[in-house]
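Trainee: Here is a sequence together with a model predicted from it:
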Amino acid sequence: MAIPTESIGSIPRPPQLLEAIQSFQQGSISRERLDAACLDALRDTVARLEQTGSPVLTDGEQTKPSFATYPLAGLENLAPDGVVIPFADGHQRQLPRLTAGPFRYGVHADNYLKAARVFTKLPVKQAVISASALSLLYPQSGIPGYSREEFIADLINEAEADIRGALDAGAATVQIDFTEGRLSLKLDPSGGLLRSFVDLNNQVLARFSVEERRKIGVHVCPGGDRDSTHSADVDYAGLLPTLFQMNVGRFYLQMASEPDRKRVLRLIGQLAAPEHRIFIGVIDPINPVVETAEQVRDRVLEAASILPVQQLGTTDDCGFAPFADDTSTARDIAFQKIQARVQGTVLAIDELGR
C-alpha cells in the first residue's frame, strides 16, 4: 500500500538570503553576490528536505519573489497599483497592473526546476501560478490597443508554456497554485467569478494529453501569509463542486486547519472521480506547534475512513512562506513539520496495512 506525500512548495528563506535580497535592492551588493546567496539557500533547502525523508522534493521557492509573481520578473509594462488582496489580520498584498501589451512571462518555472535538480537525484515537483491569478493583472478599465481577449490569448499561451516547460524539464508533478479560488467566493458569492477562473484554467489544461494531466494538480487553500488567511471564512462546500470540474489528475487540499474535516472529506468523496489523487493537508503551516507523527497518522486514518486509500496522498495545507519576506514561520520549524508529515504518513501506511 502506498500513500504519496509531497510538499506544497515554499520554505522560509534563510536570513542570509533575505539580507542579500534587501542589500541588492538597495544597491549595496552585486548581482553575483545575490546569485551566490540564492545558490547557497537552494543547496541547503534541497539537502534538508532530503534529510526529512521526503520522497519528492521542491526548490522551496527560495529564489521566487512570491509564488504568484515570479513570471513578472524583469517586465517593464507593469504599474504597482493592481488588485489588492486583504488578509484577516489587516495586512494586504497587492498585485501589479498591466499597462501595455503584449503579455509575456519574464521567467518560466522550469528555470527553478532545473536549478534544484542539480542538487538531488530524487524526484522534484514544480509549482506554477494559475492563469486565473495572472488574469487579475489586466485592469477593468482596459488597455488602449490591447483588448482583454488578446491578453487572455497571450496568457493562455504563456501558462501552457510554463507547465509544459516544467514537464519537459523532468518535473515529477506540476502543481497549479489556485489560492484565488476560495477568495473568489468572498468577492463574488454567486460563484460566477470562480466558474470563470476554472474555465480559464481548463482552457490551458485542454492543451495537454490525458497522460500529461495525470501529472498536473491544483492546490487550494484560504491563503497563508504572515500567519494569516484571506478566505478561511468561506465554506469549502461553495468551492469544491466547481473546483472538481478542473481537468487535472491531482488535488492538493488544505485540511489540517479545517474546523470540520469529516464534513469536507465526505463532500470530497462525493465529488472525486476514480482517477483523481487527493492530497489531504495534514500539516498546518500557520500553527507554530510542530505536529507529532502520531497526529499526522490519525489525520491520514481519518481521511482513509472516508476516501479510498488508493486515491489518498498527504501534503501541507499551504506553503510555509509564499512571499519572500514572510518570516512568520521559522525555517527549522518548517523542516520539522515536513518531517512529521513524512513520518506520520509512514505510520498510517503501516496501520492500514495490518
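Mentor: Sure, I can see it. All values reported here derive from a predicted model rather than from experimental measurement.

Trainee: So which residues of the stretch 201-350 of the chain form strands?
Mentor: Assignment of strands within the stretch 201-350 of the chain using DSSP state E, counting those that start in this stretch yields the ranges 216-220, 250-253, 277-283, 312-316.

Trainee: Could you check how far Gly269 is from Gln51?
Mentor: For Gly269, the distance to Gln51 (Cβ to Cβ, to the nearest Å) stands at 35 Å. Yep, even glycine has a C-beta here, placed from its N, CA and C like the rest.

Trainee: quick one, which of these two is more surrounded?
Mentor: More neighbours sit around Gly269 than around the other of Gly269 and Gln51, counting by other Cβ atoms under 10 Å; the figures are 14 against 11.

Trainee: wait, doesn't the more buried one sit right on Ala304?
Mentor: No. Gly269 is not in contact with Ala304 according to Cβ atoms under 8 Å; the separation is 11.3 Å.

Trainee: Tell me where the stretch 101-250 of the chain has helices.
Mentor: When assigned using DSSP state H, counting those that start in this stretch, the helices of the stretch 101-250 of the chain occupy the ranges 110-117, 131-134, 148-168, 180-187, 192-205, 210-213, 236-243.

Trainee: The third one - contacts with which helices or strands?
Mentor: It refers to helix 148-168. Other helices and strands packing on helix 148-168, by 3 or more Cβ pairs under 8 Å, 6 or more residues apart in numbering; DSSP states H and E, are helix 110-117, strand 126-129, helix 131-134, strand 174-177, helix 192-205.

Trainee: Quick one: the ones you listed as JSON lines, columns for mean neighbour count and distance to Arg341 too.
Mentor: Rendered in JSON lines, the data for the helices and strands packed on helix 148-168 read as follows (neighbours: other Cβ atoms under 10 Å; distance: least, Cβ to Cβ, whole Å):
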{"stretch": "helix 110-117", "mean neighbour count": "21", "distance to Arg341": "19"}
{"stretch": "strand 126-129", "mean neighbour count": "26", "distance to Arg341": "17"}
{"stretch": "helix 131-134", "mean neighbour count": "24", "distance to Arg341": "26"}
{"stretch": "strand 174-177", "mean neighbour count": "26", "distance to Arg341": "16"}
{"stretch": "helix 192-205", "mean neighbour count": "19", "distance to Arg341": "27"}
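
Trainee: Quick check: which of these is nearest to Asp332?
Mentor: Taking Cβ to Cβ as the measure, the helices and strands packed on helix 148-168 were each checked against Asp332, and helix 110-117 came out nearest at 20.4 Å.

Trainee: Just the angle for that closest one relative to helix 148-168, thanks.
Mentor: Here helix 110-117 points in a direction 20 degrees away from that of helix 148-168 (axes from the mean of the first three to the mean of the last three Cα atoms, to 10 degrees).

Trainee: now helix 110-117: mean pLDDT?
Mentor: The pLDDT scores in helix 110-117 average 97.

Trainee: which residues touch it?
Mentor: Residues external to helix 110-117 that are found in contact with it (Cβ atoms under 8 Å, 6 or more residues apart in numbering): 42, 46, 57-59, 61, 63-64, 70, 124, 126, 162, 165-166, 168-171.

Trainee: same check, this time on stretch 260-271
Mentor: Surrounding stretch 260-271, the residues in contact under the criterion Cβ under 8 Å, 6+ apart are 236-237, 240-241, 244, 253, 255, 258, 278, 280, 299, 302-303, 306-307.

Trainee: Name only those of the residues you listed that count as buried.
Mentor: Burial of those was assessed by neighbour count (16 or more other Cβ atoms under 10 Å); the buried members are 236, 240, 244, 253, 255, 258, 278, 280, 299, 302-303, 306-307.

Trainee: what comes into contact with the lengthiest helix in the chain?
Mentor: The longest helix of the chain (DSSP state H) is helix 331-353. Among residues not part of helix 331-353, those counted as contacts by Cβ under 8 Å, 6+ apart are 1-3, 5, 7, 11-14, 48-49, 51-55, 282-283, 285, 288, 290-297, 299-301, 304, 309, 314-316, 320-321.

Trainee: do that again at 6 Å, thanks
Mentor: Counting by Cβ atoms under 6 Å, 6 or more residues apart in numbering, helix 331-353 makes contact with 1, 3, 5, 11-12, 48, 52-54, 282-283, 290-291, 293, 296-297, 300-301, 309, 314, 320, all of which sit outside it.

Trainee: One more: stretch 5-14?
Mentor: For stretch 5-14, the external contacting residues (Cβ under 6 Å, 6+ apart) are 41, 45, 56, 58, 60-62, 125, 127, 219, 314-316, 318-322, 329, 331, 334, 342, 345.

Trainee: And that stretch, how far out from the chain middle?
Mentor: Taking the mean C-alpha point of stretch 5-14 and that of its whole chain, the gap between them comes to 9 Å (Cα atoms, centre = their mean, to the nearest Å).

Trainee: Cheers, nothing more for now.
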